[in-house]
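1. Provided below for reference: sequence and predicted model.
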Amino acid sequence: MKAYKDQDHNIRLFRPDKNMTRLKASMERLEMPGFDFDPQQLIKCLHQLLQLDKNWIPEGDGYSLYIRPTVIATHPFLGLAAPTEILLYIITSPVGPYYPTGFKPIQLLATEQYVRAWPGGTGANKVGGNYAPTMRPQAEAIKAGYSQVLWLYGEDVTEVGSMNIFFVLQNDDATTKTLVTPPLTRGDILPGVTRSSIIELAEMLPDMRVEERFPTITELQQAANNGTLLEAFGAGTAAVVTPISGIHYDGADIDIPATGEMTQYFWDTITGIQYGKLEGPEGWSVKI
């Protein structure tokens, strides 16, 4: 998560309760002791840390203090067993705008050679082991001229890079749209805070339907060909929202209009709430 300074120099957090819920679930999945901690106690500690380090929080649109709660085992032996002792600590770092030169769409390389996560694994948890195996596929995508990897599980589209992914489809009535994103039911999709925020915002829109299901790469090809694939974007803490303008798969390109109206809406709304410029739902922007 991140800490932000609003126009009145107040420090704000964005939905820290959601972050704590995911941290607890990740600890439980790894059989770490203490996963049942009181999240409000850790949030109180974080508030004190941010007050002490408030001068490290940069001001201005796009600037924030990145916050990474971390847990490691510290038991005094080597062996393949659940830890008996842990250390929970928080790493922070000032960060600047994710898009220093503008809100630019990215191109993706869809791969069947590598798999990011699978049912029954740890894809739904914030675990370091999920990310290390993605370094080589990401390097290969960049070498081939693409910004990120689009992760597939068979035909199913799952995530993009280290972000959740969304698609906006035109409905048959030509007046309403459907926002599609992979569901959390299989255990291979990370329950991102930005993801849940986008879903909740979309459900408030009168002409938008939300479907949590796995789109297939074939479905996206067909939707692009018939003009019903209107937008695509990734979503996560670092970038908030990243517009997608194309996907390369099996020797062919899937062209996607970018940056779309809904992509821009979710970017403007979420960043507006984070920096205190917009009034969001209760509990989303927590002033310290």
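-> Yes, it's here. Residues are numbered from 1 along each chain as shown.
2. OK, contacts around the closest residue to Gly129 other than its chain neighbours?
-> Nearest residue to Gly129 in three dimensions, chain neighbours excluded: Thr122, at 6.7 Å (CB to CB, 6 or more residues apart in numbering). Where C-beta positions appear, they are placed from N, C-alpha and C, glycine not excepted. Residues near Thr122 by CB atoms under 8 Å, 6 or more residues apart in numbering: Arg29, Leu30, Gly129, Asn130.
3. Starting from Glu28, give me the distance back to Thr122.
-> The gap separating Thr122 from Glu28 is 11 Å, by CB to CB, to the nearest Å.
4. Same question for Leu229.
-> Using CB to CB, we find Leu229 at a distance of 38 Å from Glu28.
5. about what we covered before: in JSON lines: the contacts of Thr122, plus distance to Asp253, pLDDT and neighbour count.
-> Output for the contacts of Thr122, formatted as JSON lines (distance: CB to CB, whole Å; pLDDT from 0 to 100; neighbours: other CB atoms under 10 Å):
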{"residue": "Arg29", "distance to Asp253": "37", "pLDDT": "97", "neighbour count": "16"}
{"residue": "Leu30", "distance to Asp253": "40", "pLDDT": "96", "neighbour count": "17"}
{"residue": "Gly129", "distance to Asp253": "33", "pLDDT": "93", "neighbour count": "10"}
{"residue": "Asn130", "distance to Asp253": "28", "pLDDT": "94", "neighbour count": "19"}
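6. Nearest to Arg116, out of those: which one, please.
-> Lowest distance from Arg116 to the contacts of Thr122 (CB to CB) belongs to Asn130, with 7.2 Å.
7. right, and that closest one touches Ala117 too?
-> Yes. Contact criterion CB atoms under 8 Å: Asn130 and Ala117 qualify, at 6.5 Å.
8. Can you tell me what sits against stretch 31-44?
-> Residues outside stretch 31-44 that contact it (CB under 8 Å, 6+ apart): 16-17, 20-21, 23-25, 27-28, 69, 71, 73, 82-86, 88.
9. ok, back up a step: mind listing which of the contacts of Thr122 are in helices?
-> Arg29 (DSSP state H).
10. show me where the stretch 101-250 of the chain has strands.
-> Listed in chain order, the strands of the stretch 101-250 of the chain (DSSP state E, counting those that start in this stretch) span residues 106-111, 148-153, 156-160, 164-170, 177-181, 208-212, 229-236, 240-249.
11. just for the stretch 101-250 of the chain, where's the confidence low?
-> Applying pLDDT under 70 to the stretch 101-250 of the chain flags residues 101.
12. hmm, back to that, shared neighbours of Asn130 and Ala117, which are they?
-> Joint contacts of Asn130 and Ala117 (CB under 8 Å, 6+ apart) are Gly123.
13. which residues in the chain form helices?
-> Remark: helices assigned in the chain by DSSP H are 16-29, 39-52, 135-143, 193-203, 217-226, 261-274.
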